[in-house]
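Asker: A predicted structure for the sequence below; I have some questions about it.
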Amino acid sequence: MSEAETSAWTCPACGRRVPPRIDTCRCGFERPTIASAPPSEADPAATEGRRSNGVLLLVTGLVLGAALVAALRLSAPPAAEPARSSAAAPAAADTTPTEAAEPLAGTPDAAPDPTPASVEAFAPPAARTAEAPASATPLEDIVARSLPAVVSIQAGASRGTGFFVRPNLVLTNAHVVGTQPTAQLQAGHVAYSARVTNLSPGTDLALLEVFNPSPHQATLALGSVRGVRAGQEVVAIGSPLGVLSNTVTRGIVSAVRSTGSVTLIQTDAAINPGNSGGPLVDRTGVVIGVNSMRIVDRGAQGLAFAVAIDHATALLSGRAPPDASTPIDGLNRVMEGPAATAGDLRERGTQAYAAALEQVAGRAREIDSFWTRYAPACVSRALAAGDRPWFAVWEPDGIRLSQSATYDCAEWLRTVRTSADQIRGVIGQAGEAARRQGVYPGVMRDLRRQHRLEWRGWEK
């Protein structure tokens, strides 16, 4: 048998022997290409078995590849493309990215997104509003609740402020009522009469009992100086100059000081004449002090003091410190100190004298206008005695009146003289105080000339 016939292969479909160079039999059967040695020509069953096993292995490989691809879809990050299990299933692998791209982010086993956890940990402010502490009461509400309990006081010629601590009791400064046994009160549109029942000059406090109290009268709660801290906000309520009732000023506690047995609260809230006796309240509307004094000389600004409310509590219970000295006396000792020299006292006296002259200069200008309007008709002669023509009223026979039928010149002159005498009294007292503090006469004279208040009688 020739070599070609020996290497020919038998077609398992029709039994023909096919030359080795031909891979397809006439019946259409195509010889498979197998790397291993060809099956025995005499054993078609073995060949068929190997064919069946090959098909089974191919199917098994496809199934395992599909399972591996599915597992990779679930575990791979969104940007990663699923790995192909083998080169034997290219068609199945090609469809995988398109089908898996959209649902991958929503897969339950996908890696968690850190964004929701971040939002949960840092909630926006609106979500925490319910847990935030309640804000402080607005200042205007505190003032509105306090004003009905504050009163203006007139005791003789003195004016000041006070406030109800009980429906029938008003607290104020001792220097407001002075030696007067009674006082008139004005609370809004309601007028009261009261009598002084307790007076403590040592703490500059006084209690007034109302004759016709109203059971519905508003009152203020009293606190304590023990909780007062420097820097906390306070409000002073009073009647500046005795006429501007229910005036409110705001400031802070500058310090808490002791002068002898009296505790004072220093504040930069504006306290003017007429504010004395009014309440100093904190941001809860509780009274912590009674406005008492301010420093007006030495170029001081924002330097005011209130008597600690603790002293009022003691007065209400019938206890009061000895009246050996007043808070003003103690404060003066603190301000002057042991190191005060003659030069310091002279400088303070000069400043106080200048302030007094500035105060009366405005009143002097009013008298000037009054004089200029009526003097041509009422005065026949005025003796020149100083910087202003009406200073002649201080000279014996300094003014002679004309007989005017148009005006009551005698009454006009009495008005001029009364106003002039008030100015003379203020300047005289200021001059005496300045001399005691060592202010030189020439300095005082120069200050009077600056305000056109020089008169030849000042140095007699």
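Answerer: Ah, there it is. As the structure is a computational prediction, the values presented were derived from the model and not from experiment.

Asker: Going by C-alpha atoms from here, please, whenever you check contacts or count neighbours.
Answerer: Noted.

Asker: tell me which element the residue nearest to Gln154 when sequence neighbours are not counted falls in.
Answerer: In space, and not counting its chain neighbours, Gln154 is closest to Gln184: 5.3 Å by C-alpha to C-alpha, 6 or more residues apart in numbering. Per DSSP states H and E, Gln184 falls inside strand 182-187.

Asker: what's that strand packed up against?
Answerer: strand 150-155, strand 190-200 (3 or more C-alpha pairs under 8 Å, 6 or more residues apart in numbering; DSSP states H and E).

Asker: which one of those has the most crowded surroundings?
Answerer: Mean neighbour count (mean count of other C-alpha atoms under 10 Å) peaks for strand 150-155 among the helices and strands packed on strand 182-187, with a mean of 26.

Asker: Residues contacting the very next helix or strand once past that one, please?
Answerer: With elements assigned by DSSP H and E, the helix or strand that comes after strand 150-155 is strand 158-166. Residues from elsewhere that reach strand 158-166 (C-alpha atoms under 8 Å, 6 or more residues apart in numbering): 149-154, 170-173, 176-177, 217-222, 238-242, 273-279.

Asker: Using PDB, write out every CA atom in stretch 361-380.
Answerer: The C-alpha atoms that make up stretch 361-380 are tabulated as PDB, following Å, rounded to 0.1, in the frame of the first residue of the first chain:
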ATOM      1  CA  ALA A 361     -22.500 131.900  79.700                       C
ATOM      2  CA  GLY A 362     -25.500 130.500  77.900                       C
ATOM      3  CA  ARG A 363     -27.900 132.100  80.400                       C
ATOM      4  CA  ALA A 364     -26.000 135.400  80.200                       C
ATOM      5  CA  ARG A 365     -26.700 135.500  76.400                       C
ATOM      6  CA  GLU A 366     -30.400 135.100  77.100                       C
ATOM      7  CA  ILE A 367     -30.300 138.100  79.400                       C
ATOM      8  CA  ASP A 368     -28.400 140.000  76.700                       C
ATOM      9  CA  SER A 369     -31.400 139.500  74.300                       C
ATOM     10  CA  PHE A 370     -33.900 140.500  76.900                       C
ATOM     11  CA  TRP A 371     -31.900 143.600  77.700                       C
ATOM     12  CA  THR A 372     -31.400 144.700  74.100                       C
ATOM     13  CA  ARG A 373     -35.100 144.400  73.400                       C
ATOM     14  CA  TYR A 374     -36.400 146.600  76.200                       C
ATOM     15  CA  ALA A 375     -33.500 148.700  77.600                       C
ATOM     16  CA  PRO A 376     -33.800 151.500  74.900                       C
ATOM     17  CA  ALA A 377     -37.400 152.200  76.100                       C
ATOM     18  CA  CYS A 378     -36.900 151.500  79.800                       C
ATOM     19  CA  VAL A 379     -33.300 152.700  80.800                       C
ATOM     20  CA  SER A 380     -32.300 156.300  80.900                       C
END
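
Asker: buried residues in that stretch?
Answerer: Within stretch 361-380, the residues that count as buried by 16 or more other C-alpha atoms under 10 Å are 361, 364, 367, 371, 375, 377-379.

Asker: what about the stretch 101-250 of the chain, any weak spots by pLDDT?
Answerer: 101-135, 239-246 (pLDDT under 70).

Asker: and what of the stretch 251-400 of the chain?
Answerer: Using pLDDT under 70, the flagged stretches of the stretch 251-400 of the chain are 273-274, 295-302, 319-344.

Asker: how about 50 then?
Answerer: 298, 336-340 (pLDDT under 50).

Asker: Which strands and helices lie in contact with the longest strand anywhere in the chain?
Answerer: In the chain, ranked by residue count with DSSP state E as the criterion, the top strand is strand 247-259. Counting contacts by 3+ C-alpha pairs under 8 Å, 6+ apart, strand 247-259 is packed against strand 233-238, strand 262-267, helix 327-336.

Asker: if you set the cut-off to 6 Å instead, what comes out?
Answerer: Identification of packing neighbours for strand 247-259 by 3 or more C-alpha pairs under 6 Å, 6 or more residues apart in numbering; DSSP states H and E yields strand 233-238, strand 262-267.

Asker: just these: most buried one?
Answerer: Mean neighbour counts for the helices and strands packed on strand 247-259 (mean count of other C-alpha under 10 Å) peak at strand 233-238, with a mean of 26.

Asker: Remind me what that one packs against, helices and strands.
Answerer: Counting by 3+ C-alpha pairs under 6 Å, 6+ apart, strand 233-238 packs on strand 247-259, strand 279-281.

Asker: Apply 8 Å and report the result again.
Answerer: Strand 233-238 packs on strand 150-155, strand 158-166, strand 247-259, strand 279-281, going by 3+ C-alpha pairs under 8 Å, 6+ apart.

Asker: per-domain residue ranges of this protein.
Answerer: 32-106, 140-336, 342-450 (automatic domain parsing).

Asker: Out of these, which one sits most buried?
Answerer: Ranked by mean neighbours (mean count of other C-alpha under 10 Å), the domains of the chain are led by domain 140-336, with a mean of 20.

Asker: coming back round to it: of all the helices and strands packed on strand 233-238, which lies closest to Thr406?
Answerer: Taking C-alpha to C-alpha, strand 158-166 is the member of the helices and strands packed on strand 233-238 nearest to Thr406, at 38.1 Å.

Asker: Can you name the residues in contact with the helix or strand just after that closest one?
Answerer: Proceeding C-terminally, strand 158-166 gives way to strand 169-172 as the next helix or strand, assigned by DSSP H and E. Identification of contacts with strand 169-172 by C-alpha under 8 Å, 6+ apart yields 161-165, 205-210, 276-278, 290, 312.

Asker: change it to 6 Å
Answerer: By C-alpha atoms under 6 Å, 6 or more residues apart in numbering, the residues outside strand 169-172 that reach it are 162-164, 205-209, 277.

Asker: State the helix or strand in which Arg381 lies.
Answerer: Counting by DSSP H and E, Arg381 is part of strand 379-382.
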